[in-house]
Each structure stands twice: as C-alpha cells, then as structure tokens.
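Engineer: model this:
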Amino acid sequence: MKLLKTALVTAVVSFGLQAAAANAQTEIRLGHVGGPGSLFEISANRFAELANERLEGVAEVNVFGNSQLGGDESMMRRLRLGSLDLSLPSTVMSSESAEFALFEMPYLIQDREHMKRVREEIVRGPLYDAAEARGFKIIGVWENGFRQITNNERPIVTPEDLEGIKLRVPGGTWRIDMFRSYGAAPSPMSLSEVFVALQTGAMDGQENPFIQTYSSRFHEVQDYLSISNHVYTPAYLTAGVSWNRLPEEVQQVLEEVAVEMEDFVLEEGQRLDDETLVKMRDEGMKVNEVDFDAFVEASETIYSKFADEVDGGQEMIDAVTALRE
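Structural biologist: Take a look at the predicted model:
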C-alpha cells in the first residue's frame, strides 16, 4: 500500500511538472505600443481575456503594452526572429511591404462602415498575401484610427499652415512624403520618445488618432488640435515565425477570437473618438476643423506616386473607392 501511495504521488507530481512545462512552452506574448487607456490596450487586453477563457490553461496570452518590448520596428524584428508571438503593427507595415501603403493615402477611407467592406474585400486578399510573402501572418484587422494633427504653433486649416512645422510621424516613407508635400518638416520617431520631444520643443507637433494622442498625454504639451482625419490606419494583429510552433487548436482559437474582435474594436474606436475629443477640448486644447477640400486637392501627388511605384497600386485605389457608398 505504501508503495502504491508513493507511486501515485510521484505520478501526480510528474503530471503537474509536465503540465507546468507545457504551459511555459505555450505562453503567447503579445506586444504593442499603446499607452494606458489606448484603443490598442483595450483591444489587446480584451483579446487576451477572451482567448484565455477558451484556451483553458492549454496556453496563455500575456500582453506587453506601452512599448515595453520596444517600438513597432523592434517588435517586427522580434516577430521575424520568433522571440515575440503577436504584435499590433499599423503604419510600420508600409515599410515591410509597399502594398500596405494603400492606407497611407489621404482621405481614402470614408468611415468605419466603409472600412468594414475594405477589410473583407481588400485586406483579407492582397494585403494578407503581401504579409505572408514577408514571413508574417495577419490573424485580425483591428484599428489605429482616423488621424488628427496637433501642434504648438498655430491652428492648421490648409496645407500651407503646416509650412515649416516640425512634425513627428511614425516610421515609413509615405507619411513623410505626404507631409513634406504639404510643406511640413516631418521626422519619424518612436511613439515612446514623442512626449519629451514635444515638451522640449524638439518637435512642434504630431499626428495620431484622438485616443492615441490623449492616452500618450500629448494634449498636455500641445496647444492646437486640428481635426483633419487625413489618414485612417488599421492595426493588424500579426504573428511571426513562432506561429507554426503553436498547436493547431491554439492557432484556431487565436484566429477565431481575433476576427470576432474586429467589429468590437471599430465600435470602441468610435466611442473613444467621441469621448476623447470632448476631454481634450475641456482640458484646454484649441480645436478647429481643417479645410478638407484643400487637403484632398493637395494630396494628388501622393496618390500618383502610389499608383506609379506600387504594383497594382491604381487598381487597389480603384477597388477601395468602389466600395464607398
């Protein structure tokens, strides 16, 4: 009997160690650059909550936000090396594959309902393929959002008002070219460095969705908020080389939850836009709307560049435009 008890205890301990080892091997690390309260944080945390409920201990999604694992470029490298499992890149994807510069085209996306149609018809087709050709797998199309301009010099009404303004932009040549064509002096910089750059005057302004601006506290060191909606940027829940090491049932759960989250993220994006604009106005920012027609007219050169330099560029633009209502 004593030997039987000893054998049972040994078996239980062995099973527990094996289970612990299995759990350690199937930790899923998700990194993003969003700060506290950002749409990225809300989206990633909700995804982890839902996925972990279904994985039931087989694997666990752990979220590392606020650039804890580095900026977007660093996390893309980690995905490629397999030291990070999931990330939430946005603009940086245009540096990985030219096709993603589609979402660098100003005023291309009409609204979030339009984006839903584009997501199904365009993103899940040629853009998914373009990502896979670079070694990445997109499992969900979420949101960064409609981008707005803030600065400390003056209200921005027409592109001419950007003349000479030192404007932080995310990495990627397309956004630099766009703002340079408007007359600004754009400079790429990691999101984690922007607050100090604005505070010290190294940068005059920046452009981000409302909630990214607010959650990063840029409104505390910026005077003017100009509602421009100049670019709509999706965010892509993206896996790298470690994806193929995950068990098939884990992959299935992650993909299912990522897709189920898509409409929730768009709804949250709209809610945060509405609430955050009120907060920034109440907290002292001077708010104006740009002359949208003037910006659309000034954007013709960047459209021509995309059509000329990206294979199938004009066809993609036409396909997106055809999905407007």
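
Engineer: Which of the helices or strands spans E267?
Structural biologist: E267 belongs to helix 248-282 when assigned by DSSP states H and E.

Engineer: now for that helix, which elements pack on it?
Structural biologist: When contacts are defined as 3 or more C-beta pairs under 8 Å, 6 or more residues apart in numbering; DSSP states H and E, helix 248-282 packs onto helix 39-55, helix 112-118, strand 137-151, helix 210-215, strand 224-227, strand 286-289. From N, CA and C alone the C-beta is placed, and that goes for glycine too.

Engineer: what's across from P209 in the sheet?
Structural biologist: Beta bridges link P209 to R147 when assigned by DSSP bridges.

Engineer: Tell me how many other residues crowd it.
Structural biologist: 25 (other C-beta atoms under 10 Å).

Engineer: confidence score at it?
Structural biologist: At P209 the predicted local confidence, pLDDT, stands at 97.

Engineer: list the contacts for it?
Structural biologist: Counting by C-beta atoms under 8 Å, 6 or more residues apart in numbering, P209 touches L39, N144, G145, F146, R147, Q148, T233, G269, D273.

Engineer: Which residue comes closest to the first one once chain neighbours are left out?
Structural biologist: Going back to what we said before, that points to L39. I211 (5.2 Å; C-beta to C-beta, 6 or more residues apart in numbering).

Engineer: re the thing from before, pLDDT of the helix holding E267, averaged?
Structural biologist: 98.

Engineer: OK, contacts around M280?
Structural biologist: Applying C-beta under 8 Å, 6+ apart, the residues near M280 are F210, T213, Y214, H219, L225, V287.

Engineer: likewise G31?
Structural biologist: Taking C-beta under 8 Å, 6+ apart as the criterion, G31 is in contact with V63, F64, G65, Q68, L69, G70, M75, R78, L84, L86, S87, L88.

Engineer: now the second one: how far from G57?
Structural biologist: Look at F64 and G57: by C-beta to C-beta, to the nearest Å, they are 21 Å apart.

Engineer: Tell me where the protein is predicted with low confidence.
Structural biologist: For the chain, applying pLDDT under 70 flags the ranges 1-25.

Engineer: try 50 this time
Structural biologist: Across the chain, the ranges flagged by pLDDT under 50 are 1-23.

Engineer: what are the phi and psi values for Y236?
Structural biologist: Main-chain dihedrals, Y236, degrees, to the nearest 10: phi -120, psi 120.

Engineer: Identify the residue nearest it in space, chain neighbours excluded?
Structural biologist: The shortest distance from Y236 to any non-neighbouring residue, by C-beta to C-beta, 6+ apart, is to I138 (4.7 Å).

Engineer: tell me the contacts of that neighbour?
Structural biologist: V123, L127, Y128, A131, Y236, L237, T238, A239.

Engineer: if you look at those, which of them are in helices?
Structural biologist: The helices, defined by DSSP state H, take in Y128, A131 from the contacts of I138.

Engineer: now, which of the contacts of I138 sits nearest D311?
Structural biologist: L127 (13.1 Å; C-beta to C-beta).

Engineer: Next, work out how far apart the closest residue to that closest one other than its chain neighbours and D111 are.
Structural biologist: In space, and not counting its chain neighbours, L127 is closest to E99: 5.7 Å by C-beta to C-beta, 6+ apart. From E99 over to D111 the distance is 22 Å, taken as C-beta to C-beta.

Engineer: Same check on A197?
Structural biologist: The value you get for A197 to D111, if C-beta to C-beta is used, is 32 Å.

Engineer: again with G240
Structural biologist: Counting by C-beta to C-beta - G240 and D111 are separated by 32 Å.

Engineer: Pick out whichever of these two has more residues nearby.
Structural biologist: G240 (23 against 14).

Engineer: Where does V61 fall, secondary structure wise?
Structural biologist: Using DSSP H and E, V61 falls in strand 60-64.

Engineer: quick check, nearest of the contacts of P209 to G171?
Structural biologist: Taking C-beta to C-beta as the measure, G171 lies nearest T233 of the contacts of P209, at 12.4 Å.
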